[in-house]
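**Student:** give the three-dimensional model of this entry:
(one chain, ligands or ions: 1)
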Amino acid sequence: MVRAWYMDDSKEDQRAEHHKTPPEFIDVKDLYKITGVEYFTINPQTYTEDGELESIKRKRGYTYEDQIVCSRECLPNYEEKLRNFFTEHLHTDEEIRLCLEGSGYFDVRDKQDQWIRIEVVPGDMIIIPSGIYHRFTLDSKNFIKAKRFFIGEPVWTPHNRPADEMECRQNYLKRLDNGFEE
Ligand SMILES: [Fe+2]
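**Tutor:** Down below sits the predicted model:
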């Protein structure tokens, strides 16, 4: 089950949990209202047969999928990739990840520009909306295996902050103002 919390201001060790004192957790339902990030639970043992993932893919039009393993052994240019993942950026499309093994943190900005840390563990599927500033890091276990999805031909290009003039950013800000009530 995905957990989310507001981060402290420490710049030390990006792989640590970085809770505030005392910790300030955010309910998954509120996470959508605050950021537009969506969440699904998938059974990592049965997802190939139980139809849950297929139904989400069909409803949302995800036609592309692949699998990525982030670890020192499996990811080419590991240090550079991890540095890029952790540089604050946005995308013109949704970033969709389903954690199958291991774990990691997706950090997203709230309306007041505060960092929210979202922990993903096996079975957590999160959808980071287009136009939201975010970043990713491995945690202290240094390993995640995840599926990536996309509508059509994948575009993974990160646009580093500042990217405030981009249309996807402007659209995101409008949705944020409406509290993500489509
Ligand atoms: Fe990203």
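**Student:** ok, which stretches of this protein are helices?
**Tutor:** 28-35, 47-50, 52-60, 78-85, 167-177 (DSSP state H).
**Student:** could you identify which of those helices is most buried?
**Tutor:** Comparing the helices of the chain by mean neighbour count (mean count of other CB atoms under 10 Å), helix 28-35 ranks first with a mean of 16. C-beta: built from backbone N, CA, C; applies to glycine.
**Student:** for that one, packing partners?
**Tutor:** For helix 28-35, the packing partners by 3 or more CB pairs under 8 Å, 6 or more residues apart in numbering; DSSP states H and E come out as strand 38-41, strand 115-120.
**Student:** so what's the gap between that helix and the chain middle?
**Tutor:** Its chain's C-alpha centre and that of helix 28-35 lie 13 Å apart, by CA atoms, centre = their mean, to the nearest Å.
**Student:** next, the angle helix 167-177 makes with that helix.
**Tutor:** 120 degrees (axes from the mean of the first three to the mean of the last three CA atoms, to 10 degrees).
**Student:** only alpha carbons, please: show helix 28-35 as CSV.
**Tutor:** Below are the C-alpha coordinates for helix 28-35, written out as CSV (Å, rounded to 0.1, in the frame of the first residue of the first chain):
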residue,chain,number,x,y,z
VAL,A,28,-4.0,8.4,-0.5
LYS,A,29,-7.5,9.9,-1.1
ASP,A,30,-6.1,13.4,-0.2
LEU,A,31,-3.1,12.8,-2.3
TYR,A,32,-5.3,13.0,-5.5
LYS,A,33,-7.0,16.2,-4.3
ILE,A,34,-3.7,17.8,-3.4
THR,A,35,-1.6,16.8,-6.4
